[in-house]
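Novice: Sequence first, then the predicted structure, then my questions.
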Amino acid sequence: MEPFLKPYNYNFLKEQAAILAQTHRTVNAKSTIQAVQAQIFDKVKATLSELSEEEMTLLMGITEINDEQRILDRYLQRMKERVIPFKRPSDTGIKKAFPKTKKLTIPDWERLDLADYSFYAWNDPGQQSKFILYTVNNKLQGIQGQLSTEIKKGICTICHEESSVALFTVKGKANKDGHYKTKGNYICYNSDECNQKMQTFEHFMDFMTIVKEK
């Protein structure tokens with residue numbers, strides 16, 4: 001079977017599997033365990049409804065999880081093997097994604113497990129910038145924005161989880177008065193951590209639509 005899960009799908013399944021394992025470890029009532037199991041079953045089916053019957057059957061191995069760590073680990077390993085990794089872009093592709101940036105740091109792809117990334121981003125403290133790479137319909141997209149040096153606890157606009165966030169802003173076109181419109185919001189300062197928390201790509205794309213609006 002070919003890989004069919006996105007990294008954020010894996011994060012979702014990982015959380016649901018952990019909930020079920022914890023329920024088995026802390027709850028004695030069989031009826032309660034069965035109820036939680038049924039809720040997770042329905043949630044997985046609803047969230048990943050576009051999958052084939054064969055793919056869904058593999059995912060539903062989640063219902064076999066009990067209080068044993070080895071069973072949980074085995075399920076998660078099977079799911080990780082079905083993840084489609086973020087496609088490694090070429091150096092030329094990266095430079096085309098950021099055509100206005102002269103000094104561009106190319107990520108060290110060899111040190112990364114790209115199955116952990118729904119998008120890839122890195123900070124450039126020297127320019128006080130964050131560079132974000134992502135794909136839409138297999139086409140590489142990039143956006144550079146200013147990243148505040150002030151980091152605080154808050155909710156990330158991309159992963160929608162509590163994190164250490166910083167204000168990310170993109171300067172738009174100038175209006176008639178010559179003033180530039182700035183668009184942005186608070187996102188995880190550490191984008192590796194953001195990728196670990198993402199369970200949907202919807203919020204990411206909503207944010208990209210806002211900051212890339214002309």
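Specialist: Now that the structure is in, tell me what you want to look at.
Novice: Where does pLDDT dip in this protein?
Specialist: Scanning the chain for pLDDT under 70 picks out the ranges 174-178, 214.
Novice: Count the residues that sit near the closest residue to residue 162 other than its chain neighbours.
Specialist: Leaving aside its chain neighbours, residue 162 sits nearest to residue 155 (5.9 Å; criterion: CB to CB, 6 or more residues apart in numbering). All C-beta atoms are positioned from the backbone trio N, CA, C, and that covers glycine. The number of residues packed near residue 155 is 14, by other CB atoms under 10 Å.
Novice: repeat for residue 193
Specialist: Counted with other CB under 10 Å, residues neighbouring residue 193 total 14.
Novice: Can you tell me which helices and strands the helix or strand containing it packs against?
Specialist: Assigning secondary structure by DSSP states H and E places residue 193 in helix 191-197. For helix 191-197, the helices and strands in contact under the criterion 3 or more CB pairs under 8 Å, 6 or more residues apart in numbering; DSSP states H and E are helix 7-26, strand 120-124, strand 162-174, strand 180-188.
Novice: any chance of the ones you listed in JSON lines, with mean neighbour count too?
Specialist: Output for the helices and strands packed on helix 191-197, formatted as JSON lines (neighbours: other CB atoms under 10 Å):
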{"stretch": "helix 7-26", "mean neighbour count": "18"}
{"stretch": "strand 120-124", "mean neighbour count": "19"}
{"stretch": "strand 162-174", "mean neighbour count": "17"}
{"stretch": "strand 180-188", "mean neighbour count": "17"}
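Novice: The following helix or strand past the helix holding residue 193 packs against which elements?
Specialist: Sequence order places helix 202-211 as the next helix or strand after helix 191-197, per DSSP H and E. Packing contacts for helix 202-211, counted by 3+ CB pairs under 8 Å, 6+ apart, involve strand 129-136, strand 139-147, strand 162-174, strand 180-188.
Novice: Next, format those as CSV and append distance to residue 18.
Specialist: Shown next, in CSV, are the helices and strands packed on helix 202-211 (distance: least, CB to CB, whole Å):
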stretch, distance to residue 18
strand 129-136, 27
strand 139-147, 31
strand 162-174, 17
strand 180-188, 21
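Novice: follow-up on the earlier one: contacting residues for the residue nearest to residue 162?
Specialist: 161, 162, 163, 165, 186 (CB atoms under 8 Å, 6 or more residues apart in numbering).
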